[in-house]
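> okay, sequence plus prediction incoming.
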Amino acid sequence: MTDAIVEYRGISKYFAGIRALENVDFACKPGTVHAILGENGAGKSTLIKIMSGVLQPDSGEMRLEGKPVAFATPQAANEAGIVCMFQELSLVPDLSVADNISISSPPRRFGLIDRRAQVRRAEELLARVRCEDVDPNAMVRELSLSRRQMVEIAKALGKSPKVLILDEATSALTARDVGTVYDLLAELKDSGVASLFISHRMHEVEALCDTLSVFRNGQHIETFAKGAKSEREIVQLMIGRDVEAQFPPKPKPVAPEDLGDPLLKVRGLSWQNRLNGIDLTVHRGEIVGLGGLDGQGQKELLLALFGVLRDVEGEVVIGGKKGIPSSPAAAKTATTKVALVPEDRKTEGLMLGMPIADNLLASSFQRISRGPFIDPALSRQAIEDGISRLQIKAGSASDPVMTLSGGNQQKVVIAKWLMIDPDIVLLNDPTRGIDVGTKQEIYRLMRDLANQGKAILFYSSDYAELIGCCDRVSVLYSGRIVAEKQGDDITEESLVAASLNIDVEAA
Amino acid sequence: MHQSRLTRWFFQNVGLASALLLFAVLFLSYNMMHPRGFSAAVAVQNANETAAIAFLAMAQTLPVLLGGLDLSVGAVMTLTNCIASELVNGSPAQILFGIVVTLLSGAAFGLMNGLIVVYGRIQPIIATLATGAIAIGLALLVRPKPGGDVDGDLGWALTNSVWDFADTYGIAGGGDAWWIRPFADIPVPVIIVLLVTILVWVPFRRSVTGRTVYAIGSAEGAAFMSGLPIERAKIAAFTLGGFFAACGGLYLAIQTSSGNADIQQAGAYTLNSIAAVVLGGTSLLGGVGTAVGSLIGAGILRVISFYFRILDIDPLLQPLIEGVVLLVAVSFGAIRTLRVKNKLDLFR
């Protein structure tokens, strides 16, 4: 492939003797949108980190437009025209949007940063990503996650990339922004930019990319044009084994009169202007999904039920007892225990630097203590149970949890909460950014928990998951539930229509 | 959704704005209570006593913006104070040479701190604890006993009003030229501090290096991923901190006409510099704040001690009252946590 804009030959990278990439050949042509697919731990992140100068390969050679290159820092890669938009956002919260967009090479006058030119530049770039509503003088800390991601895209565009790497760039975006990103990628493609697109959302890959590359276990398995393989074949390439049905079978719907009293009953729940009178019930044995566009109050609803929010109004009955838990500590120790698997596992779910064992035990110290002291035998038993129950793939329970892959980290979070034997499990987008194999394990686990009589409230930004997993789905729109779908009514059309708050029949 | 510039400035700089307000209230009521309030003599005296801590507060701001602490600022001030007491005298050329050497030695000491932190990969607080002791040791070598000699004219000119400055050196018609009259009563130390701020701090803040300092304190990972010069910025921050500390040491030598390797004074100045930075609205977590705020914070600290002179309070109570005022002042920063509706925000 001589027409490639970037070309890699025989790239290998090892971490403490463990293979992350081995002898990878990879190339990317200008004017294409190229998807990189693979489970977590397949080597995608290592590859893009090498491309963007964050890591240096142990062996192998890189060529940019035919000339051999090596990047010691992200700065060097940026200057050569390879720009990466990282999944963990690279914005500085305490600087303004304009500062962030021009952070590494701001416009200058007399050697000093020219703030006015910088604001103009930010306005132009924000207009290109159709985010005119973002004020260039606002602090990044004041913006929502989806706005930050758009600012990140504007920042990357500002570096006039030849190769643009988007690592889970759409994971937090609203539907409208995803549309913007689609258009933008088409535009970049026409102007000869090569875009590398990493996403766990198959439908995005289908819609956007013209070439697909599959990685598995640190190796480049295959590259092919879009449409050359079916979705099922692609998934098989990624996990290297046959996949059974993606979702575990649902039980037959129970007639409403046979359900009995709900375990969780919510009436008129309101908070600030984010929740505006939510009505909801969840029974034992049920998986209830929360749908809708990102940022319509789903996360706030889960946080409210877990006692994180102050001044919540409305009526909540949990296991026959009125009232919202006053704090997470109260939620997990009540007669009807509530557990929340939070949105961001890295900050709210885990203490990354601490051992897997300590993370697993973090919520259930009272169960493994005798008097004021932690009992070593009980805790060892609890750790073993947790690891085996979720099949966490870890070398040793004393390793820091950050050494695990994303999927296994998420399993640690879930195992931690299952250890308190909760009655109500709140899940906030638990499969975000994790691999297909682990996703399926989580789906099965959810169904098992429901069958054991637990009530599950499940928010997902992926419609397919809601359709595949849930007995009922409530769709939120600006802090209200606008539709509730059951059984066969849970379809992609009905969910999308409801999340845009439009009535399909009427339209 | 675009707010007016003033509202935006206020909401993005609540700490600085409240420090400014607190300082204004304290300073004005002090002058109203003082029998000779609002006079040039009182202003000159106050400014002289504030200049050194003001420079140290600026010096401390930079490491704090990075998310660290510099425990050597007081010691570097003491060291440069002793150096100045040896060198800043003689002919005008010798005086200039002495000033330059003093300032450079402070900057060099800061540079060493920066190199140790960056390449030794040692946390600033512990690295500077060690280098601070080294600085004191060097100061004792330079000046085992208090004393020294600083040019008298310079001492007089820089510690009085602008009129006295002009009078001493016979410029601007000995201070009577029409264009200097509006400034005649302003204390020279105020001018010096403002000049250093405008000539050093303001350009630094508007440079890529300066902005990188903020970015590091706010989110070092993001700064790295954005390809910012992290190592250079850290070294520059400590070097500049050393320079500001040297300004403080030099001023102290000029003010007292002597040098003194006083260990306790060095420690007290270091702790006060941290208090001034916090009072000035700079976050100890890094990334938020300005050296201008720290100047105001230093002013607040000093005005509190001035009150003891005019009010009939037992001087023995001074540390206690200063401690309470500091605690109350920084508590205002914690008030926001009462308004937080999402408890998770408390941990961000």
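Alright, I've got the coordinates.
> within range of chain A, give me the residues from the stretch 101-250 of chain B.
Within the stretch 101-250 of chain B, the positions adjacent to chain A are B:203, B:206-208, B:211, B:214-215, B:217-219, B:221-229 by Cβ under 8 Å from any Cβ of the partner chain. Heads up, the C-betas are built off the backbone N, CA and C, glycines and all.
> buried subset of these, written for ChimeraX?
The following ChimeraX line selects those of those that are buried, judged by 16 or more other Cβ atoms under 10 Å in any protein chain shown:
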select /B:206,207,208,211,214,215,217,218,219,222,223,224,225,226,227,228,229
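> just the ones of the residues of the stretch 101-250 of chain B next to chain A in helices?
Among these, the members falling in helices are B:203, B:208, B:211, B:214-215, B:217-218, B:221-225 (criterion: DSSP state H).
> closest to residue A:21 among those residues?
Distance to residue A:21 across those (Cβ to Cβ) is lowest for residue B:225, with 19.9 Å.
> ranges for the strands of the stretch 301-450 of chain A?
A:313-318, A:321-322, A:338-341, A:369-370, A:373-374, A:424-428 (DSSP state E, counting those that start in this stretch).
> reformat those as JSON lines; add mean pLDDT and mean neighbour count.
Shown next, in JSON lines, are those (pLDDT from 0 to 100; neighbours: other Cβ atoms under 10 Å in any protein chain shown):
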{"stretch": "strand A:313-318", "mean pLDDT": "93", "mean neighbour count": "18"}
{"stretch": "strand A:321-322", "mean pLDDT": "90", "mean neighbour count": "10"}
{"stretch": "strand A:338-341", "mean pLDDT": "93", "mean neighbour count": "25"}
{"stretch": "strand A:369-370", "mean pLDDT": "86", "mean neighbour count": "12"}
{"stretch": "strand A:373-374", "mean pLDDT": "86", "mean neighbour count": "10"}
{"stretch": "strand A:424-428", "mean pLDDT": "94", "mean neighbour count": "25"}
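> now render the ones you listed as a markdown table, adding distance to chain B.
What follows is the strands of the stretch 301-450 of chain A, written out as a markdown table (distance: least, Cβ to the nearest Cβ, whole Å):
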| stretch | distance to chain B |
| --- | --- |
| strand A:313-318 | 12 |
| strand A:321-322 | 21 |
| strand A:338-341 | 11 |
| strand A:369-370 | 25 |
| strand A:373-374 | 24 |
| strand A:424-428 | 12 |
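> nearest to residue A:396 among these would be which one?
Minimum separation from residue A:396 across those (Cβ to Cβ) falls at strand A:373-374, 19.0 Å.
> other residues contacting that closest one?
In this structure, residues lying in contact with strand A:373-374 by Cβ atoms under 8 Å, 6 or more residues apart in numbering or on different chains are A:361, A:365, A:368.
> give me phi/psi at the residue sitting furthest away from the middle of chain A?
Distance to the chain centre peaks in chain A at residue A:110, reaching 43.4 Å (criterion: Cα atoms, centre = their mean). Main-chain torsions, residue A:110, degrees, to the nearest 10: phi 50, psi 40.
> also residue A:69?
Residue A:69 adopts backbone torsions of phi -140, psi 160, taken as degrees, to the nearest 10.
> which strand or helix spans the nearest residue to it once chain neighbours are set aside?
Of all residues not flanking residue A:69 in the chain, residue A:62 sits nearest, at 5.4 Å (Cβ to Cβ, 6 or more residues apart in numbering or on different chains). Using DSSP states H and E, residue A:62 maps to strand A:59-64.
> and residue A:153, by the same measure?
Taking DSSP H and E as the definition, residue A:153 sits inside helix A:145-157.
> what packs against that helix?
Packing contacts for helix A:145-157, counted by 3 or more Cβ pairs under 8 Å, 6 or more residues apart in numbering or on different chains; DSSP states H and E, involve strand A:82-85, helix A:97-101, helix A:115-128, helix A:175-190.
> next, the angle from that helix to helix A:175-190.
With axes from the mean of the first three to the mean of the last three Cα atoms, to 10 degrees applied, the angle from helix A:145-157 to helix A:175-190 works out at 10 degrees.
> give the buried residues for helix A:145-157.
A:146-157.
> in TSV: those residues, plus pLDDT.
Formatted as TSV, those follow (pLDDT from 0 to 100):
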residue	pLDDT
A:146	81
A:147	86
A:148	87
A:149	86
A:150	88
A:151	91
A:152	89
A:153	89
A:154	91
A:155	91
A:156	90
A:157	90
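> just the closest of those to residue A:268, please.
Minimum distance to residue A:268 across those is 27.5 Å, recorded for residue A:146 (Cβ to Cβ).
> SS state for the closest residue in space to residue B:285 that isn't next to it in sequence?
Spatial nearest neighbour of residue B:285, chain neighbours left out: residue B:67 (6.2 Å); criterion: Cβ to Cβ, 6+ apart. Under DSSP: H, G, I helix; E, B strand; the rest coil, the three-state class of residue B:67 is coil.
> ok, now residue A:473?
Secondary structure, three-state DSSP: residue A:473 is strand.
> so how far is residue A:304 from the nearest residue to it once chain neighbours are set aside?
Nearest-residue entry for residue A:473: residue A:289, 3.9 Å, with adjacent residues in sequence omitted and distances by Cβ to Cβ, 6+ apart. Look at residue A:289 and residue A:304: by Cβ to Cβ, to the nearest Å, they are 18 Å apart.
> so where is the chain shaky, pLDDT-wise?
The chain I'm using is chain A. Applying pLDDT under 70 to chain A flags the ranges A:1-2, A:16-18, A:39-41, A:87-89, A:171-172, A:200-201, A:239-245, A:500, A:502-507.
> my question was about chain B, not that one.
Ranges of chain B meeting pLDDT under 70: B:1-3, B:333, B:336, B:348.
> let's see it at 80
For chain B, applying pLDDT under 80 flags the ranges B:1-15, B:172-176, B:312-313, B:315, B:326, B:329-348.
> how about the strands in it?
Applying DSSP state E to chain B gives no strands.
> the residue of the stretch 51-200 of chain B found nearest chain A and residue B:205: what is the separation?
Proximity of the stretch 51-200 of chain B to chain A (Cβ to the nearest Cβ) peaks at residue B:65, 9.7 Å away. Per Cβ to Cβ, residue B:65 is found 10 Å from residue B:205.
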